[in-house]
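**Student:** heads up, no residue letters with this:
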């Protein structure tokens, strides 16, 4: 996903000023694709120059209302139907799990419990959004609720996995693997010291 397509998607619902668009962005897409005000306004300028968005109305104090053009709608449809999502395959949190044997089982467990708590907080925030949002029949609301369900399910699964993993790293098998990994690094300095002395 790109900011370009996020802005086009929001404008496909209805025309909006940059200010209104930013409010809508924060209320709907911030958990999926965060963006700053300067990024959104910059993208609006690029989209206008490219002919994908047009200024539909001018208001007081230089306020501009933007609307998606036919070319913008065609670009959005093309992105939705013809472009395969790239999706990030990198996961810093999970990468660390591969190397938790370098630290003590208690440190590994603390890291995983921290991940579980983070997932629980994110899940609670998704639940708060679900309870307080004004879910209506508009496109962004209907499909936004479907996207929120993804967040609810993923955070619940992540929390469950992290708590399971926190128990797993204290198992006899994990402790043995951790001791072997740490032992290799403790022996190396001793061997280097012996070589220097000899």
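**Tutor:** Thanks, I have the structure now. Source: prediction; values computed, not measured.

**Student:** Reduced to three states, what does residue 67 come out as?
**Tutor:** Following DSSP: H, G, I helix; E, B strand; the rest coil, we place residue 67 in the strand state.

**Student:** At which residues are the strands of the protein located?
**Tutor:** Along the chain, the stretches classed as strands by DSSP state E are 16-17, 53-58, 64-68.

**Student:** what's the angle from the last one to strand 53-58?
**Tutor:** For strand 64-68 against strand 53-58, the angle by axes from the mean of the first three to the mean of the last three CA atoms, to 10 degrees is 140 degrees.

**Student:** I'd like the distance from strand 64-68 to the chain centre, please.
**Tutor:** 27 Å (CA atoms, centre = their mean, to the nearest Å).

**Student:** State the distance from the residue positioned nearest the centre of the chain to residue 144.
**Tutor:** The C-alpha lying nearest the average C-alpha coordinate of the chain belongs to residue 32 (CA atoms, centre = their mean; 5.3 Å). Taking CB to CB, to the nearest Å as the measure, residue 32 and residue 144 are separated by 9 Å. To be clear about C-beta, it is placed using only N, CA and C from the backbone, and glycine gets the same treatment.

**Student:** Then residue 175?
**Tutor:** As judged by CB to CB, residue 175 and residue 144 stand 45 Å apart.

**Student:** more neighbours, these two?
**Tutor:** In terms of neighbours (other CB atoms under 10 Å), residue 144 is the more surrounded of residue 175 and residue 144; the figures are 18 against 15.

**Student:** you'd agree the more buried one is up against residue 28?
**Tutor:** Yes - taking contact to mean CB atoms under 8 Å, the distance of 5.3 Å between residue 144 and residue 28 places them in contact.

**Student:** picking up where we left off before, how about the strands of the chain, which one is nearest residue 2?
**Tutor:** Closest to residue 2 of these, according to CB to CB: strand 53-58, at 14.2 Å.

**Student:** And the closest one, what's buried?
**Tutor:** For strand 53-58, a neighbour-count test (16 or more other CB atoms under 10 Å) marks 53-54 as buried.

**Student:** got the contact list for it?
**Tutor:** Taking contacts as CB atoms under 8 Å, 6 or more residues apart in numbering, the residues outside strand 53-58 that touch it are 7-8, 11, 15, 44, 47-48, 64-69, 72.

**Student:** Quick check: the farthest pair among those residues?
**Tutor:** With CB to CB as the measure, no two of these lie farther apart than 8 and 64, at 16.4 Å.

**Student:** returning to what we had before: now, which of the contacts of strand 53-58 sits nearest residue 100?
**Tutor:** Of all the contacts of strand 53-58, the one sitting nearest residue 100 is residue 7; the distance, using CB to CB, is 40.3 Å.
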